[in-house]
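1. make a model of this:
(one chain, ligands or ions: 1)
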Amino acid sequence: MSKQVNPAFKAIAKAIAKGRKFFVAGHQNPDGDSLGSTLAVCSFLRRQGKEVYPFSNDRPGDDLFFMPGLDRINFSVLPDEFDFDTMILLECSDKKRGGNLDPLFDSVKTVINIDHHITGENYGTINYINAQASSTAEIITQLFEYMKAEITPEEATCLYTGLVTDTGRFLHSNTTAESMRVGAVLLSRGADIQKINTVIYNTKPYKELKLLGRALEKLNLLNGNTLAEITLTSKDFDLLGVDPRHTQGIVSQPIMIPSVEVSLLLREEPGRIAVNLRSKGRVDVSKVAVLFGGGGHARAAGFKVEGAKLDEIKNRLISSVTKEISKLQ
Ligand SMILES: [Mn+2]
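-> Model (predicted):
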């Protein structure tokens, strides 16, 4: 961590010391970073003698259930009473990202917003948004260091999971010297990297491998081979018996093609269309995602549109991305 004191960390540490009853949540359709950060923060708060309600609007894929403490998260169930003094939102670039948390926003005194999305909004009482950080897990590790917290092996495993999934095993462009330093700290604290690597990266159910094959069959190259597009319909998911959420990694595959600048994955989910965007680096795909009510990072973004028609979204999306690509020299 850089030598200068981070004023947000100071305010967060103060609010944590003061708070007694905490509501902690990550974003909807949680990933490794969202859940890993939530679990580490909750574990730390419990160790300080605080009362904690860990919440996630949705359950993750099976591959994340190895994380210590995951079974203690309240999935999609809000508490009966809203008598929390502090809410900590992790990875939520806007107020709605965690689910419908309006009763919490209305009742708590302090909202701590910690995020690393470039599109993050300052909706909290205390906001720390660092788009330079590879992951929220990286920020939480820095915060723990700032607070001189002894990180437990379980917390280290959860945080390392967030770090490694958001950096694509330290391969994405968001990987910095700081990400690797944080990785080393977590490893020295006992993060179980063998388990993380086996469960997350070397395990794939047969039907998901088949889905990847089907997705690659359906890959189209557009706009002079600069734009890759894959559309998976409800028929594809039904045929293979795969949950539409289990499409991790598919959108990144076409980026390997030398001419491709942007890759799109459109998924037909019940009642809505979900889209993932990836960029090789020259096009900022978060700008396009924002046009459709989504967000994310320059190289990785996404959005969902409720009740939309697949073809209509696809046409609008392709023309928006084509416009961005045409701005390149
Ligand atoms: Mn993240």
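
2. contact partners of the helix or strand of the chain with the lowest mean pLDDT?
-> When the helices and strands of the chain are scored by mean pLDDT, DSSP states H and E, strand 295-296 comes last with a mean of 90. Outside strand 295-296, the residues that touch it by C-beta atoms under 8 Å, 6 or more residues apart in numbering are Ser93, Asp94, His117, Ile118, Thr119, Leu277, Val285, Ser286, Ala289, Ala301, Gly302, Phe303. C-beta here means a position set from N, CA and C on the backbone, and glycine is covered the same way.

3. near the ion, anything from it?
-> No. Figure legend: strand 295-296 not in contact with the ion (C-beta under 5 Å from the ion); closest approach 9.5 Å.

4. list just the nearest of the contacts of strand 295-296 to the ion.
-> Distance to the ion across those (C-beta to the ion) is lowest for His117, with 7.3 Å.

5. okay, now the sheet partners of the least confident helix or strand of the chain, with direction.
-> strand 300-306 (antiparallel) (DSSP bridges).

6. okay, buried residues for the partner strand please.
-> Judged by neighbour count (16 or more other C-beta atoms under 10 Å), strand 300-306 contains these buried residues: Ala300, Ala301, Gly302, Phe303, Lys304, Val305.

7. which among the contacts of strand 295-296 are in contact with the ion?
-> Near the ion, judged by C-beta under 5 Å from the ion, there are no entries from these.

8. now render these as a markdown table, adding pLDDT and distance to Leu264.
-> Compiled in a markdown table, the contacts of strand 295-296 are given as follows (pLDDT from 0 to 100; distance: C-beta to C-beta, whole Å):
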| residue | pLDDT | distance to Leu264 |
| --- | --- | --- |
| Ser93 | 93 | 20 |
| Asp94 | 94 | 23 |
| His117 | 91 | 19 |
| Ile118 | 85 | 19 |
| Thr119 | 83 | 18 |
| Leu277 | 98 | 6 |
| Val285 | 97 | 9 |
| Ser286 | 96 | 14 |
| Ala289 | 97 | 11 |
| Ala301 | 95 | 10 |
| Gly302 | 96 | 10 |
| Phe303 | 97 | 11 |
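
9. so which strand or helix has the residue of the stretch 1-150 of the chain found nearest the ion?
-> Closest approach between the stretch 1-150 of the chain and the ion, counting by C-beta to the ion: Asp33, at 3.4 Å. Using DSSP states H and E, Asp33 sits in helix 32-47.

10. for that helix, buried residues please.
-> Across helix 32-47, burial judged by 16+ other C-beta under 10 Å covers 32-45.

11. which non-adjacent residue is nearest the residue in the stretch 151-300 of the chain that the ion sits nearest to?
-> Scanning the stretch 151-300 of the chain for the residue nearest the ion gives Asp166, at 4.5 Å (criterion: C-beta to the ion). Leaving aside its chain neighbours, Asp166 sits nearest to Ser135 (3.6 Å; criterion: C-beta to C-beta, 6 or more residues apart in numbering).

12. for that neighbour, what are its contacts?
-> Contacts of Ser135 were listed using C-beta under 8 Å, 6+ apart, and they are Asp33, Ser37, His116, Gly162, Leu163, Thr165, Asp166, Thr167, Asn174, Ser179.
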